[in-house]
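Chemist: Need coordinates for the following:
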Amino acid sequence: MPAKNPFYELSYLISAELSEAAALELQEKIQKTLLLEAKVLRASNPQKKRLAYPIAKRREAYLASIEFEAQPETASDCQGQLKEIKEVLRFLMIKKKFFEEKKPGQTEKTAETREPEKTAEKPDEKPKKEKALKTKKEEKVDLEKIGQDLDKILDE
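Modeler: All right, here's what the predicted structure looks like:
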């Protein structure tokens, strides 16, 4: 049985100086030329995003990603070719253990769609803290008594 190629995810930023159509063309170019030997599983259209910090003196860029299956040599060649494209400001390629296919209508879980964690309120928590504080105070008192007893013994 032949070994299965690993999965990769390539995310990259395209300069916002390009138009949206030009960004789409660049993404298609990357898919066709760079990944000729790879099987593209999923690709997201470039979306204009405001960057958290400037990259190459730019505050906005198009964010796109491609998930594909390829041989490791193909993936490393792709990285080398991406470095040569001046419109690509930055990219990140990660190797994934498996590919998750989304079902129609399924979206990523967000904070709004997640179920809130159930936290059991324990009425005993506050008294436990008070008990702990009392034991610390009692220890201090015991230490003071010990100190006084020690002074008495040393004076004798």
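Chemist: And the pLDDT for Leu51?
Modeler: What the model reports as pLDDT for Leu51 is 93.
Chemist: Give me the domain ranges for this structure.
Modeler: The chain resolves into domains spanning 7-96, 127-156 when parsed by automatic domain parsing.
Chemist: Lowest mean pLDDT across the ones you listed, which one is that?
Modeler: Here the lowest mean pLDDT among those goes to domain 127-156, at a mean of 72.
Chemist: Of the domains of the chain, which stretch is the most buried?
Modeler: domain 7-96 (a mean of 15; mean count of other C-beta atoms under 10 Å). For every residue, glycine as well, the C-beta is placed using N, CA and C.
Chemist: Indicate each strand paired with the strand ranked longest in the chain and its parallel or antiparallel sense.
Modeler: Scanning the chain for the longest strand, with DSSP state E as the assignment, gives strand 39-55. Paired neighbours of strand 39-55 in the sheet (DSSP bridges): strand 58-69 (antiparallel).
Chemist: so after the strand it pairs with, what's the next helix or strand?
Modeler: Downstream of strand 58-69, the first helix or strand assigned by DSSP states H and E is helix 72-84.
Chemist: Could you export that next one as CSV, CA atoms only?
Modeler: This file holds the C-alpha atoms of helix 72-84, laid out as CSV (Å, rounded to 0.1, in the frame of the first residue of the first chain):
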residue,chain,number,x,y,z
PRO,A,72,7.4,17.2,1.4
GLU,A,73,9.7,18.2,-1.5
THR,A,74,6.8,19.9,-3.3
ALA,A,75,5.9,21.8,-0.1
SER,A,76,9.5,23.0,0.4
ASP,A,77,9.7,24.1,-3.3
CYS,A,78,6.4,26.0,-2.8
GLN,A,79,7.9,27.9,0.1
GLY,A,80,10.9,28.9,-2.0
GLN,A,81,8.8,30.1,-4.8
LEU,A,82,6.5,32.1,-2.4
LYS,A,83,9.5,34.0,-1.1
GLU,A,84,10.1,35.3,-4.7
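Chemist: now do the same end-to-end measure for stretch 79-93.
Modeler: Across stretch 79-93, the terminal residues are separated by 8 Å (C-alpha to C-alpha, to the nearest Å).
Chemist: again, but for stretch 8-23
Modeler: For stretch 8-23, the first-to-last residue distance is 21 Å (C-alpha to C-alpha).
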